[in-house]
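**Q** what's the 3D shape of this:
(one chain, ligands or ions: 1)
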Amino acid sequence: MTNERRVLVHADSDALAASMTARFLTKSVDLLDENDRINVVLEGGRVALKVLAAINASPARDSVDWERVHFWWGDERWLPAGDPERNDRKAREALLDHIEIPGENIHSCPASDGGLDLDAAAAAYAAELAEHADGEGNLPRFDITFLGVGPDGHTASLFPDRKEVLERDATVVAVRNSPKPPAERISLTRPAINSSHRIWVSLSGADKASVLGLALAGAAYTEVPIAGMKGRKRTVFFVDADAASEVPENLIARSY
Ligand SMILES: O=C(O)[C@H](O)[C@@H](O)[C@H](O)[C@H](O)COP(=O)(O)O
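**A** Here you go, the predicted structure:
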């Protein structure tokens, strides 16, 4: 497999979500044939949540052996457990509460009412990741990592021109004064995200067009964080036609 970036353009956000759903179902079944378990990293973007809901609605949902799938989060909002704005709560509602998956496979970031402060919570999440390390460094093997992108180029909770995006050593950072509410968050760092075998980035809508153009043109990741994310095996940008309007034609594979 080559370590390449691909851009797959779909007619609209429904087609985009359907394509990611089909790919997730086939890829996870294939990976589970070859591995005892797989690790999937989720986030809070709207497309990824649509994908989780579509996996839940798919007749192929139960072809995945969910007992051997572990879920992690690329970022989480620092809110009380069960808050409707938490990324884990949204993922539970869309999919995780509906499948046969052991509770210990769902590795939520700590919640703000759990008795830890934000820094201790980030450290606790890093420790849980390290506990599941597969021998290489202090992270599990992330098989599939979903990333959304903000119109400013942020991904997970790594925002432009901030110190968190420069972090090289830690796997997890505490984020304060986030420009996107809520102000406090927990995020995987760039090296942690880039340890993923496959990164699946989703972008939908005209407000994401300029940032996608910048990322593919090689913008600095300090200014456009998504530009610095690259999976070890493959990085696929699943985009809709509106988001693709500023991407050079030679970089595009159209699915319609
Ligand atoms: O907690 C969050 O806010 C998300 O994890 C965030 O990083 C998100 O993925 C992007 O902001 C894109 O979100 P949309 O795809 O909904 O625009």
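**Q** Over to S210. Which of the three states is it?
**A** helix (DSSP: H, G, I helix; E, B strand; the rest coil).
**Q** Show me which residues of the protein are close to the ligand?
**A** When proximity is defined as Cβ under 6 Å from any ligand atom, the chain approaches the ligand at 43-47, 75, 77, 87, 148-150, 154-156, 180. (Each C-beta comes from the backbone N, C-alpha and C, glycine too.)
**Q** What is the neighbour count of D119?
**A** Under the neighbour criterion other Cβ atoms under 10 Å, D119 is assigned a count of 12.
**Q** separation between it and the ligand?
**A** 19 Å (Cβ to the nearest ligand atom, to the nearest Å).
**Q** and that residue, what is it in contact with?
**A** When the contact criterion is Cβ atoms under 8 Å, 6 or more residues apart in numbering, the partners of D119 are A174.
**Q** Please identify the helix or strand for it.
**A** Assigned by DSSP states H and E, D119 falls within helix 118-131.
**Q** What residues of that helix count as buried?
**A** L118, A121, A122, A123, A124, Y125, A126, E128, L129 (16 or more other Cβ atoms under 10 Å).
**Q** Likewise for stretch 18-37?
**A** For stretch 18-37, the neighbour count (16+ other Cβ under 10 Å) marks A18, S19, M20, T21, R23, F24, L25, S28, L31, L32, R37 as buried.
**Q** looking at this structure, which helix or strand does the model trust least?
**A** Each helix and strand of the chain was given a mean pLDDT (mean pLDDT, DSSP states H and E); the minimum falls on strand 252-254 at a mean of 71.
**Q** What is the neighbour count of the residue in the chain positioned nearest to the ligand?
**A** Nearest residue of the chain to the ligand (Cβ to the nearest ligand atom) works out as G148 at 2.5 Å. Using other Cβ under 10 Å, G148 is surrounded by 22 other residues.
**Q** go on, A111?
**A** With other Cβ under 10 Å as criterion, A111 counts 20.
**Q** thought it was touching R77?
**A** No: the pair A111 / R77 is not scored as a contact, 9.6 Å apart, by Cβ atoms under 8 Å.
**Q** Identify the contacts common to these two.
**A** Between them, A111 and R77 share the neighbouring residues D83, R86, with contact defined by Cβ under 8 Å, 6+ apart.
**Q** Next, format the buried residues of stretch 18-37 as TSV and append pLDDT.
**A** Formatted as TSV, those follow (pLDDT from 0 to 100):
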residue	pLDDT
A18	97
S19	97
M20	98
T21	98
R23	97
F24	98
L25	98
S28	98
L31	98
L32	98
R37	98
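**Q** biggest helix in this protein by residues?
**A** Ranked by residue count under DSSP state H, the longest helix found in the chain is helix 13-34.
**Q** just checking, next helix/strand downstream of it?
**A** strand 38-42.
**Q** Adjacent strands (with direction) for that following strand?
**A** Sheet pairing of strand 38-42 (DSSP bridges) gives strand 69-73 (parallel), strand 144-148 (parallel).
**Q** highest average neighbour count across these?
**A** strand 144-148 (a mean of 25; mean count of other Cβ atoms under 10 Å).
**Q** Now it: average pLDDT?
**A** Strand 144-148 shows a mean pLDDT of 98.
**Q** Low-confidence stretches in the stretch 151-256 of the chain?
**A** Residues of the stretch 151-256 of the chain meeting the criterion pLDDT under 70: 254-256.
**Q** Tell me which stretches of it form strands.
**A** 172-175, 185-188, 198-203, 234-240, 252-254 (DSSP state E, counting those that start in this stretch).
**Q** Out of the ones you listed, which is the most enclosed?
**A** Highest mean neighbour count among those (mean count of other Cβ under 10 Å): strand 185-188, a mean of 30.
**Q** Show me what the residue nearest to A122 when sequence neighbours are not counted is bridged to.
**A** Spatial nearest neighbour of A122, excluding adjacent residues (Cβ to Cβ, 6 or more residues apart in numbering): A174 at 4.2 Å. As for beta bridges, A174 partners with I186 under DSSP bridges.
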